[in-house]
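**Q** Fold the following, please.
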Amino acid sequence: MTRPDPADPFGTAALREGIIAAWSSSPTRLREDAATEADHVRAAYRDRVLTELAQNAADAAARSGVPGELRVWFAEGRLHVANLGEPLDEGGVHALTALRSSNKTGAGSTVGRFGVGFTAVLSVSDDIEVRSRTGSLHFSADRTRAVLAERNLPEPESGVPALRLVWPTETPPATGSDTEVVLVLRPGVDAVALLDAFRSEAHDILLELPGLHTLVVADDEFTRHRRELDSGLWEVRIGDRTWWEFTGASARWLVPVVDGRIDPVRNDVLRAPTRSDEELSLPAIVVADVAMQPDRRRVLPGAHVENVARGYARFVAALPAEQRLDLVPLPGFARSEVDGRIREAILDELAAGAWLPAADGSADLVPDRAVALPGLTDELADVLGEVVPGLVIPELCGPRHASALTAVGVHRLGLARLAELLSGHERDPKWWNRLYEALTPLVVDAVAAEELASLPVPLSDGRTVTGPRTAVLATQLQDLGPVSMPWVRLVHPDATHPLLARLGAGTVTVEDLLADPALVAAVEDTDPDDIDPDGDFPAGELADIVLRLVPLVSPTAVPRELGALLLPDTHGDLVPADELLLPGAPLAEVLVEDAPFGTVDPSVPDRYGADALRAIGVGWGFTVLRAELPTGPDHDLPDEHLWWERLDDDPEVLVAVRDLDLVDDRRWSRALTLLAAEPATAEAITDPAGYTAWYLRTRASLDGRPLGHYRFADDTLFEGLLDPCTHPDASAFRSALAGTRIDDTDLAQTLLDRLADDSRSPGPAAIVAAHDALAAAFSSGGLDPESMTLPDGVRSLAGVVVDAADALVPDRPWFAAAIPHDRLVTGGRGTAPALADVLDIAVASAVIDAEPVEQGRSSTWEREPAAVLAGIVAGVPLPRGVLTLHDRLVVRCSGALTGEVEVPWWVDAAGTVHSTPTGLAAALTALAAPDVRTEP
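**A** Numbering: from 1, shown residues only. Next up is the predicted model:
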């Protein structure tokens, strides 16, 4: 074996001679070498100085099994690149001087394959030294040019091939290094800019070349630190920057991380392992084992780049759940053919793998078995976990991830489909309430509301119906708990939620529920034989819910039709509520013996309270009926039609006390006390024209006499004729006592009889008031004179009872002064004809003839000062015609009244007015009345 020359350990002299001989024998070979080298510099390896030297350093470190370290600095016009690792050997020298051979096999962890990457140094230098512990080399364009001149070889047009001829040197590598490349920078190369470019590449190089641990550029050191995470990923840190790394079958994947969140790259290139020209749009950096062309810029035709995607789903699954979709390639145009092929392979890999996090915390989902609900929240996911299988976590259901979900084939669940999926599920009402609460943020417009039109809704009766629009809400029922209302589709109180109203559910009040015609029909159709088998409460559910609802409203809002609700009485029979009394009801004290009222079973008021029972008609005291805009006597009130006939117009409101016809005649005093004690009944009596006052006035009695035959103690109108009511509560039912009118035959007969009763002593005013009321009652047609029994005597103005045959009614006012008061029977102005008919007595003008005894002085009203003054005092206009004045006026009477009588004024048979000066005012006042005639 030949021992190497210490001065030329790699035999460079022989290499030079062989190459020169080849050039000499074939000038074409020289031109080809020069052109090839120039092509590498200008194209394939442009701007790759640091990349290629770092790659060599990584390979050297890998072969020697040490962490790779590369240091770069500039000094005295030279760029120094030193590394640790396996030093230069003879094979390496041959690779450096050959354009297409390499001493690297491609096995193991080495990177280089073709041996031409070193030509990258020619982009900045024509004078290169490679210093190593095993020997050093020198490449020089100038020395090569000198050799060509010496051998008479022409210099190619593309320049001399600087890396074909090599010379040994004795300069060792820098201390602490195994190999050092020293480049004398070509004039025009900016060393500062070159170092800045190296710094910008440092992170990429350390990520691409795992054999390289540290890269130092001038004073800046870049070191890669790796640690394994619990997820199976590796955290890679270089300075203040972080990546997460995953190693698949054919590639390493890295994604930047900022504050614990990945930051997808989107625009990058394929790294094989260093940067190529194959542009990618993948969200992660890929460092792949892919067959590349010799210049490492493009993938070899036919290379199976799809293999890169193997294991990508496991990479995504290792990420935090809420970040996984960030690594899904989004739809868009591929940046290159390679990009398109890898993207498609990745999407296929993701579509087949289980990596989507499930909302219910179970195993990761395969995309085609997963569903995403846009807008899903944690609360909604928690509710739906049991009923919607394959639901993806809320963090991945937002609009930001919609494209990624579509790209991997995840089914998007719309609100309409969700409503369908929920159909048929039986859940507790509180669960539905939680669902509605969780769905609320998703119902942002009318479209979303329409999609949920078929959302199931639990009802208070235990059913679940389809669609909020078919149900109603009653917000006042929360305190009642579950209630069954078979007559209405009422949402269960525990499920009630404002969302249902937004989705079309109607809203009802308790008043609406109680007034529902369906409830009224159900009450009326209840079977009295439907007795609860437990015996606790007959008629069961319907009565129970009604009595639970009633306390929630005002008693006046309870429909009177609910009085038909069947309740148990003390005998166990089912009886309508309005035919029952509460135990101990004071009303029972005043009713007739055969009153159609039973007593409600004591257990019912014990359970529901007396107020609820009274509201639906169970008696305590008298009950009040109230009807708005009544149109006829159809309210089941006794003798209502008789009262209605008396009305001129229908009342706007009918307020009436019920069941007055059931009061025992002997107990009216107590009944009146009860009526006065209750505000509702007391108010119903206050209207004199109302039904209740009319009924009491004509049907109630005290001490055997009708209540309407008594007067209020302070009312003196009929004093002496009607007795005052001494009942202690008379003021409460004053409107039911006698008033100024006579509206029934009994009262009229009573007044007639008492006017003729010598034992009574009415005053003149009471006598006139009674006559006036009688005349008005009969003249209005309200009373029939034929139905009356007339007494023999009548009451005169003097207060004495006079025989009707002797009594006179002054039908003309001037007769009143001529008739003695003990024969004079009168009422109010204008009542004389009616009063004469009622009492069957004569009117004065028909039975008396009278004329002035003296002729008097003839004048006119306008000419007499006393007459004018009297008109002013009386406030009436002066009549036209003749006025005859008398100092003393005496008329001579014949017929029913005989003799001479002095009067203040008179009208003779011719219609002439006669008057004394003192009688003028009376005459003017009387004659001004529209019903007074003076003509014959």
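
**Q** and residue 106, what pLDDT?
**A** On pLDDT, residue 106 comes in at 46.

**Q** Leaving out sequence neighbours, find the closest residue to residue 486.
**A** Spatial nearest neighbour of residue 486, excluding adjacent residues (C-beta to C-beta, 6 or more residues apart in numbering): residue 461 at 5.9 Å. C-beta coordinates here come from the backbone N, C-alpha and C atoms, glycine included.

**Q** now swap in residue 619 and tell me
**A** Nearest one to residue 619, counting by C-beta to C-beta, 6+ apart, is residue 581 at 4.2 Å.

**Q** So that neighbour is in contact with residue 600, correct?
**A** Yes - taking C-beta atoms under 8 Å as the definition, residue 581 is a contact partner of residue 600 at 7.0 Å.

**Q** between these two, who's got more neighbours?
**A** Counted by other C-beta atoms under 10 Å, residue 581 and residue 600 do not tie: residue 600 has more neighbours, with 24 against 21.

**Q** For the nearest residue to the more buried one once chain neighbours are set aside, name its beta-bridge partners.
**A** Distance criterion C-beta to C-beta, 6+ apart; nearest residue to residue 600, sequence neighbours excluded, is residue 580 at 4.4 Å. Residue 580 forms beta bridges with residue 598, as assigned by DSSP bridges.

**Q** wait, isn't residue 580 in contact with residue 596?
**A** No - if you go by C-beta under 8 Å, residue 580 and residue 596 don't touch, sitting 10.1 Å apart.

**Q** out of those two, which sits in the busier spot?
**A** Legend: neighbour count by other C-beta under 10 Å for residue 580 and residue 596, higher for residue 580 (26 against 11).

**Q** separation between the more buried one and residue 601?
**A** 9 Å (C-beta to C-beta, to the nearest Å).

**Q** again with residue 451
**A** 52 Å.

**Q** Have a look at these two and say which one is more surrounded.
**A** residue 601 (22 against 18).

**Q** OK, contacts around the more buried one?
**A** 567, 568, 569, 570, 572 (C-beta atoms under 8 Å, 6 or more residues apart in numbering).

**Q** out of those, which are buried?
**A** 567, 568, 569 (16 or more other C-beta atoms under 10 Å).

**Q** how about the nearest residue to residue 522, chain neighbours excluded?
**A** Using C-beta to C-beta, 6+ apart, the nearest residue to residue 522 is residue 487, at 5.0 Å.

**Q** any idea which element that neighbour lies in?
**A** Counting by DSSP states H and E, there is no helix or strand that carries residue 487.

**Q** for it, phi and psi?
**A** Phi and psi for residue 487, reported as degrees, to the nearest 10, are phi -90, psi 0.

**Q** Per-residue pLDDT of it, please?
**A** At residue 487, pLDDT is 86.

**Q** Can you classify residue 567 by secondary structure?
**A** Here residue 567 is strand, with the state taken from DSSP: H, G, I helix; E, B strand; the rest coil.

**Q** quick one, what contacts residue 556?
**A** Going by C-beta under 8 Å, 6+ apart, residue 556 touches residue 626.

**Q** ugh, typo on my part, it should be residue 707
**A** So residue 707 contacts 668, 672, 696, 697, 700, 701, 725, 733, 736, 737 (C-beta under 8 Å, 6+ apart).
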